[in-house]
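J.: Just to be clear, the model below is a prediction. Sequence and coordinates:
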Amino acid sequence: MSMEELHRAAVTPGADTSPACQPKAAAPAPRVYETDGKERGLLPLALLLSLLLVEMVISVFSCGPGLVVPALVAAWYAVLLWYRGAEGLLKRESLLLFCAVCLLALTFALFSNDWFRGVNLLALPVLLMVQTHQWSGAARRPWYLPTMLWERFLLTVDGLFCRLGASWKAASTVKGEGKKRGIYLLLGLGAAVLLLLVTVPMLLSADALFAHLAGGAVDFFSRHMGAWVGRLLAALCLAPFLFGLLYSVRRPEPLAEKKERGKLFAFDAIAPVTVLVVMDALYLFFIAVQFAALFGGERYLAVTGISHAEYARSGFFQLVGVAGLNLTLVMACLQICRREGKGFTAVRALSTVLVASSFVMLGSAACRMTLYVTEYGLSFKRALTYWGMLMLAVFFTAALLKIWKKSFSFFKVLFAAGLAGWLALNFINVDRIVTRYNVSLYQQNQDAVMDLPYLAFQSYDTLDILEELPGDMRVYHYWEGTLEELIAQRRDRAAADAADWRSWSVSAQLAAIGGRK
């Protein structure tokens, strides 16, 4: 080989295979945002949603959330319907979740129970994001699996924080005269505001009649200008985040799908069988020995000499806690056990015994609570306790079906029944039920204990029922005065809530216009 051929071989690409000469990995391409006329129209709508969100946050810390919450939810869905269209919304799961979101938001405009409002303020955004990503089609995991919450959370974070460039891209696509006019409009508004700040005070001091006519408007604007400017600045900061979230709904990008894994571990049936045998033996022995204590009622009290309060409190919360633990144990044993052979059949049988024991304990807890309520009256927490026991009974029924029917979806029932039960609890107006029970109890026996401040401060829905009692009743605890004075104070507070659109509710409005006949 000649020297010239050797030289050509040395400079041929690929001849040197050292790491330093290897091509570098290409940098990831920047995200490209597709925009059209709808994205440009979405810009002011995102700002409007941000203003409503700011108003809702302010109302939470000032007057209390009311009509502002369903107004924000209605505006959110109105924007989504315009921006994305109804495609995907009419699917059964998405439509049912949509109805659940609307009903949960509606409770803020109908009722005035602060405890429900606090819990619903946490539950509503979660349910809203579950429904929104179900509608968009970005979610891959079914809505009833517990792991879907993590997926929906990641999709929400991606929309809020990873699409900030979308709003800038939409704003920068305004072409030609449109962009120039927008810039000139902002400049003109800024110049006009500066001129007004200089000329209006001069005109007010120059003419007394003008000052008399325009002074009220100027005072109003001067008092509220700072708040309006602050709200607008906060909304401008929030708008790009909401725009990115809405953008991700119309142009969804599902998360990278991981390979499906089988069970990480599966125990031989002997392990869950051992656990279930021990627990079943314990509960059966407990029920056999304590049968008189569980269902003895008044006779048991007479024999033991303990009070109603001691009887109810000594076992109620423990029995409910054990029932919840048993539900977790049953589902865990079914999950980790190998689904084959006589061992799995034994797990099913022992799990059935455990569920049956749990039903007995729930019945015992219900008896104890009923005896306590009969003696001391009903309260909001005791009503929630009845609801919790009812939901546990529903979940245990679903667990029983799961034990003997492999294809049964336990978590679908758990999520659907839990959501339906929570909505029902919101709409049955627990405060009115509690107050009606206690007032009726007092009317039958005037020696019954009545915590009037507690009942009056539950929600405005209780006031008309409390007015059935004598107005000159003395109120104890921290309130010094009569029942009539207490109700009058609560109606004044209701009138204040009804006067502000953010805190307005049907409950507050009815309490404000009502009164002792």
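T.: Sure thing, it's come through.
J.: which element is the residue nearest to V430 when sequence neighbours are not counted on?
T.: Nearest residue to V430 in three dimensions, chain neighbours excluded: A383, at 5.0 Å (C-beta to C-beta, 6 or more residues apart in numbering). Every residue, glycine included, has its C-beta placed from N, CA and C. In this structure, A383 sits in helix 380-404 according to DSSP states H and E.
J.: What ranges does the stretch 351-500 of the chain have for its helices?
T.: 380-404, 410-427, 430-444, 452-456, 463-466, 483-499 (DSSP state H, counting those that start in this stretch).
J.: Tell me which residues of the last one come out buried.
T.: Put plainly, it is helix 483-499. Of the residues in helix 483-499, 483-484, 486-488, 490-491, 493-494, 497-498 count as buried by neighbour count, 16 or more other C-beta atoms under 10 Å.
J.: before we move on, what about stretch 470-485?
T.: 475, 479, 482-484.
J.: try stretch 413-433
T.: Buried residues in stretch 413-433 (16+ other C-beta under 10 Å): 413-416, 419, 421-423, 425-426, 429-432.
J.: Identify the residue spatially nearest to the spatially most central residue of the chain, adjacent ones excluded.
T.: In the chain, the centroid-proximal residue (C-alpha atoms, centre = their mean) is A123; its distance is 0.8 Å. Closest residue to A123 apart from its sequence neighbours, by C-beta to C-beta, 6+ apart: L104 at 6.8 Å.
J.: Report the mean per-residue pLDDT for the helix or strand hosting C333.
T.: Secondary-structure element containing C333, defined by DSSP H and E: helix 308-336. On average, the pLDDT along helix 308-336 is 74.
J.: Also stretch 475-482?
T.: 70.
J.: can you list the weak-confidence ranges in the stretch 301-450 of the chain?
T.: 301-317, 319, 447-449 (pLDDT under 70).
J.: same deal with the stretch 1-150 of the chain?
T.: Applying pLDDT under 70 to the stretch 1-150 of the chain flags residues 1-30.
J.: That one: helices as residue ranges?
T.: Counting by DSSP H, counting those that start in this stretch, the helices of the stretch 1-150 of the chain are 3-10, 37-61, 68-84, 92-110, 114-136, 148-161.
J.: Going by neighbour count, list what's buried in the last one.
T.: Of the residues in helix 148-161, those buried under the neighbour-count criterion (16+ other C-beta under 10 Å) are 148, 151-152, 155-156, 158-160.
J.: And for the third one?
T.: The neighbour-count criterion (16+ other C-beta under 10 Å) identifies 68-73, 75-77, 79-80, 83-84 as the buried residues of helix 68-84.
J.: just those residues now: which is nearest A365?
T.: Taking C-beta to C-beta as the measure, V69 is the one of the buried residues of helix 68-84 closest to A365, at 34.6 Å.
J.: wait, doesn't that closest one sit right on F108?
T.: Yes: the criterion here is C-beta atoms under 8 Å, and V69 meets it with F108 at 4.0 Å.
J.: returning to what we had before: same list, the helices of the stretch 351-500 of the chain, but as TSV with distance to C99 please.
T.: Below are these laid out as TSV (distance: least, C-beta to C-beta, whole Å):
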stretch	distance to C99
helix 380-404	20
helix 410-427	9
helix 430-444	22
helix 452-456	33
helix 463-466	30
helix 483-499	27
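J.: circling back: how about the buried residues of helix 148-161 in JSON lines, adding distance to L282?
T.: Shown next, in JSON lines, are the buried residues of helix 148-161 (distance: C-beta to C-beta, whole Å):
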{"residue": "M148", "distance to L282": "36"}
{"residue": "E151", "distance to L282": "39"}
{"residue": "R152", "distance to L282": "40"}
{"residue": "L155", "distance to L282": "44"}
{"residue": "T156", "distance to L282": "44"}
{"residue": "D158", "distance to L282": "48"}
{"residue": "G159", "distance to L282": "50"}
{"residue": "L160", "distance to L282": "49"}
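J.: between these, which is closest to V330?
T.: Checking these against V330 by C-beta to C-beta gives M148 as the nearest, at 22.4 Å.
J.: which residue packs closest to that closest one, ignoring adjacent ones?
T.: In space, M148 is closest to R141, 4.1 Å off (C-beta to C-beta, 6+ apart).
J.: Now do the residue lying closest to L390 once chain neighbours are set aside against L121, distance only.
T.: Nearest residue to L390, sequence neighbours excluded (C-beta to C-beta, 6+ apart): G421, at 7.4 Å. The gap separating G421 from L121 is 19 Å, by C-beta to C-beta, to the nearest Å.
J.: buried sites along stretch 123-131?
T.: Neighbour count says stretch 123-131 has 124, 127-131 buried, by 16+ other C-beta under 10 Å.
J.: Also stretch 330-340?
T.: Those buried within stretch 330-340 under the rule 16+ other C-beta under 10 Å are 330-331, 333-334, 336-337.
J.: any chance of the residues you listed in JSON lines, plus distance to P44?
T.: Below are the buried residues of stretch 330-340 laid out as JSON lines (distance: C-beta to C-beta, whole Å):
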{"residue": "V330", "distance to P44": "54"}
{"residue": "M331", "distance to P44": "49"}
{"residue": "C333", "distance to P44": "56"}
{"residue": "L334", "distance to P44": "53"}
{"residue": "I336", "distance to P44": "54"}
{"residue": "C337", "distance to P44": "58"}
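J.: Tell me the one among these nearest to S357.
T.: The nearest member of those to S357, counting by C-beta to C-beta, is V330 at 10.8 Å.
J.: ok, now which ones touch A498?
T.: Listed by C-beta atoms under 8 Å, 6 or more residues apart in numbering, the contact set of A498 reads 504-505, 508-509, 511-512.
J.: cutoff 7 Å now
T.: By C-beta atoms under 7 Å, 6 or more residues apart in numbering, A498 lies in contact with 504, 508-509, 512.
J.: Ok, V249 next?
T.: Here V249 is in contact with 80, 84, 132, 136 (criterion: C-beta under 7 Å, 6+ apart).
J.: Not including adjacent chain positions, what is the nearest residue to the third one?
T.: Using C-beta to C-beta, 6+ apart and skipping residues adjacent in sequence, the residue nearest T132 is V249, 6.0 Å away.
J.: swap in the second one?
T.: Closest residue to R84 in three dimensions, ignoring its sequence neighbours and counting by C-beta to C-beta, 6+ apart: R250, at 4.6 Å.
J.: do R40 as well
T.: A170 (5.4 Å).
J.: quick revisit: phi first, then psi, for the residue nearest to T132.
T.: V249 has phi and psi values of phi -80, psi -40 when expressed as degrees, to the nearest 10.
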